[in-house]
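What would the 3D arrangement of this be:
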Amino acid sequence: MKINSKTGIYLFLLTFLGLIPLKATSQNNKTPNIILIYTDDLGYGDISSYGGEIPTPYIDDLAKNGLKFTNAYATAATCTPSRYAMLTGEYAWRKKGTGVAPGDATSLILPGRTTLPGVLQQAGYNTAAIGKWHLGLGDKSPIDWNKEIKPGPLEIGFDYAFLLPATGDRVPTVFVENHRVVNLDPEDPISVSYRENINDKPTGSKNPEQLKMMYSHGHNQSITNGISRIGYMSGGENALWRDEDIADKLVKKSAEFIEENRDSPFFLYLSTHDIHVPRVPHERFAGVTGKGARGDVIVQLDYTVGAIQKKLQELKLEENTMIIFTSDNGPVLDDGYVDGAAERLGTHNPFGDFRGGKYSTFEAGTRVPLIVQWKGKIAANQTSKALMSQVDFLRSFAAATGQKVAKTSAIDSQNQWQALLGNDINGRKSLVQQAIRNVLSYVEGDYKYIEPHSGPVMVPWGVDIETGFNKEPQLYNLKQDPGETKNLAAEMPEKTEEMKQNLKKVRGSKELSSHK
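I've put the predicted structure just below:
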């Protein structure tokens, strides 16, 4: 069912939720706004409503006023594939080249593809992507950062974009607004290389005396704002960001978008960067937790969430807006810089009760916080054990707004709208997780199967995280053993084989599968 008028969409949505009868009318003819706050490297145990010791009152308010999930997953243990899957409704391992993207990657999601923003755009939403992108830009390599850069977000369903092109630890260290680098002086063009230094500029490895934050592994090439990065860059001096200001910049751009679209339905994809390295809190947050920069940027993230809440309250939009808060993958401590993340952690445990972390096939790699608030529509202070995956956002919002999606598109996405509202306590029957090297695991019911892989036991570049790789199959009962300490594969060969075959079915599917 496709509805074109805004009033029609709104009435359909309320009827779909069972909140008004079909004949009812409303003084408010707007569809519910959607704000997806997608954090970077935030662990299951990092926020206080999930057991963390760092104060996060604004994020906790979302849980107090809405629904907190305890069994929700990003699709991958790294950022690029998680984002790809969430926006396309398709597991990233189905497409080559969707691993962690380099800073000069071309667009991974091309025009014509069914996407989450595209579905909502078709439903009448104004859409924006603000923050970390890390899904590539443009169609030619090397990217010319001094001209229009497309395709990008605007070509796949977003009306507005203000981006960190990749991540804060990769060049170019500039913002891109829509198709162009912000504040670029044409007399000082940008050059980027991931192979060799440009014009013999200072680097972290050769000029450590210029650094205000020392690298621990990698991250020793071009220097911006006293921090060395991955890759080499020259030019664009007026366009360079100051890391301390990134969070405030994203809040400002988000507030402006909300203000401009206060009278029409909007979808804001706010992709924060705070927890990802380099962790550089604004001066007003530096040192506030006593747990190092990583603790301080979690408080900064909480401030961002609070600023969005306050903007909605100011515009009286809070009861007409659904806020979704989640993370792209699990936590990592030393991810390339000497910032005291591990040494100053204290008893705070970002990993929760789980094993592994970012990059890993164990639970801490992909089990993430998921909180949904829609005041007046979702009952407050709920906890749900429903099995949830971020890949389902596409079909869930398509159903909520009356949009049809072909079976051959978004093939891994399921309509879990009722679970997002707290009406369905079960959610999915199963899901697939992706670790580095495209190693997959399969979760169904209480059990998790990890396919055999002969890779290293530890992530090989020095982050002190278990990969979860084993030459033998692994089977865990997550209900009884959430820490994945006892491999049941030898004890339960029939269950192990069943899970193996179910993963094989998902891996081989080419359209929306009936196997849930």
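
Spatially central, which residue of this structure would that be?
When C-alpha atoms, centre = their mean is applied to the chain, the residue found nearest the centroid is residue 328 (3.1 Å).

That one against residue 85, yeah?
No: the pair residue 328 and residue 85 fails to qualify as a contact (C-beta atoms under 8 Å) at a distance of 10.1 Å. No exception for glycine: its C-beta is placed from N, CA and C like everyone else's.

Could you list the buried residues of the longest helix along the chain?
Secondary structure of the chain per DSSP state H: the longest helix is helix 292-314. By neighbour count on 16 or more other C-beta atoms under 10 Å, the buried set for helix 292-314 is 292-309, 311-312.

thinking again about what came up before, pLDDT wise, what is the residue nearest to the centre of the chain at?
We have a pLDDT of 98 for residue 328.

how close does it get to residue 92?
12 Å (C-beta to C-beta, to the nearest Å).

and for those two, which residues touch both?
Common neighbours of residue 328 and residue 92, counting by C-beta atoms under 8 Å, 6 or more residues apart in numbering, are residue 82.

wait, what's in contact with residue 52?
The contact partners of residue 52, by C-beta under 8 Å, 6+ apart, come to 45, 46, 298, 348, 349, 350.

From residue 459, how far off is the fourth one?
Okay, so that is residue 348. Using C-beta to C-beta, residue 348 is found at 21 Å from residue 459.

More neighbours: which of the two?
Using other C-beta atoms under 10 Å, the more surrounded residue of residue 348 and residue 459 is residue 459, with 24 against 19.

Could you give the number of residues near residue 252?
When neighbours are counted by other C-beta under 10 Å, residue 252 registers 14.

what residues are up against residue 62?
Applying C-beta under 8 Å, 6+ apart, the residues contacting residue 62 are 305, 309, 323, 325, 371, 372, 373.

give me that answer again for 10 Å
37, 47, 49, 56, 68, 305-306, 309, 323-325, 369, 371-373 (C-beta atoms under 10 Å, 6 or more residues apart in numbering).

Sitting in helices, which of these do you find?
Counting by DSSP H, those contribute 305, 306, 309 to helices.

I'd guessed the last one sits against residue 315; true?
Spelled out, it's residue 309. No: taking contacts as C-beta atoms under 10 Å, residue 309 lies outside contact range of residue 315: 11.3 Å.

Identify the contacts common to the two.
When C-beta under 10 Å, 6+ apart defines a contact, the residues bordering residue 309 and residue 315 alike are residue 321.

and the nearest residue to residue 271 once chain neighbours are set aside, backbone torsions?
Among residues not flanking residue 271 along the chain, residue 131 sits closest, at 3.5 Å (C-beta to C-beta, 6 or more residues apart in numbering). Here is the backbone geometry of residue 131 (degrees, to the nearest 10): phi 120, psi -150.

any common contacting residues for residue 328 and residue 85?
Counting by C-beta under 10 Å, 6+ apart, the residues touching both residue 328 and residue 85 are 74, 75, 76, 390.

Out of the residues you listed, which sit inside strands?
Among the shared contacts of residue 328 and residue 85, no member falls in strands (DSSP state E).

In those residues, which residue is surrounded by the most others?
Using other C-beta under 10 Å as the neighbour criterion, residue 76 leads these with 33 neighbours.

so who does that one touch?
By C-beta under 10 Å, 6+ apart, residue 76 lies in contact with 82-86, 91-93, 98-100, 328-329, 359, 365-366, 390-391, 432-436, 438, 440.

Could you rerun that using 6 Å?
Contact analysis of residue 76 by C-beta atoms under 6 Å, 6 or more residues apart in numbering lists 82, 434.

now swap in residue 407 and tell me
511, 512.

roughly how far apart are it and residue 500?
26 Å.

Then residue 462?
Distance from residue 462 to residue 500, by C-beta to C-beta: 32 Å.

So which residues of this protein form helices?
Under DSSP H, the chain gives helices at 6-16, 57-64, 79-88, 116-122, 246-260, 292-314, 393-400, 417-420, 493-508.

Contacts for the shortest one, please.
In this case it means helix 417-420. The contact list for helix 417-420 (C-beta under 6 Å, 6+ apart) reads 372, 386, 396, 399, 400, 424, 427.

pLDDT wise, what is the closest residue in space to the second one that isn't next to it in sequence at?
Distance criterion C-beta to C-beta, 6+ apart; nearest residue to residue 386, sequence neighbours excluded, is residue 427 at 3.2 Å. Looking at residue 427, its pLDDT stands at 98.

try the one 4 residues further on
The predicted structure scores residue 431 at 98 on the pLDDT scale.

neighbours around it, how many?
Residue 431: 27 neighbours (other C-beta under 10 Å).

for residue 112, same thing?
When counting by other C-beta under 10 Å, one arrives at 10 neighbours for residue 112.

Equivalent analysis for residue 286, please.
Neighbour tally, residue 286, other C-beta under 10 Å: 14.

In contact with it, which residues?
With the criterion set at C-beta under 6 Å, 6+ apart, residue 286 makes contact with residue 296.

now it: how far from residue 279?
Counting by C-beta to C-beta - residue 286 and residue 279 are separated by 10 Å.

Any stretches of the chain with poor pLDDT?
Within the chain, the stretches with pLDDT under 70 are 1-30, 513-516.

at 90 instead, please
Residue ranges of the chain with pLDDT under 90: 1-31, 199-200, 509-516.

which other residues reach stretch 313-327?
By C-beta under 6 Å, 6+ apart, the residues outside stretch 313-327 that reach it are 30, 32-37, 39, 42, 62, 262, 312, 368-376.

Near residue 277, how many other residues are there?
Residue 277 has 27 nearby residues by other C-beta under 10 Å.

Could you check how far it is from residue 413?
Residue 277 is 31 Å from residue 413, by C-beta to C-beta.

Next: residue 259.
Here the criterion is C-beta to C-beta. By it, residue 259 lies 31 Å from residue 413.

Look at the two and report which has more neighbours.
Neighbour count, other C-beta under 10 Å: between residue 259 and residue 413, residue 413 has more, with 28 against 12.

quick revisit: when residue 462 and residue 500 are compared, which one has more neighbours?
Between residue 462 and residue 500, counting by other C-beta under 10 Å, residue 500 is the more crowded of the two (16 against 13).

hang on, the earlier thing: out of the ones in helices among the contacts of residue 62, who's nearest residue 507?
Ranked by distance to residue 507 (C-beta to C-beta), the ones in helices among the contacts of residue 62 are led by residue 305 at 36.4 Å.
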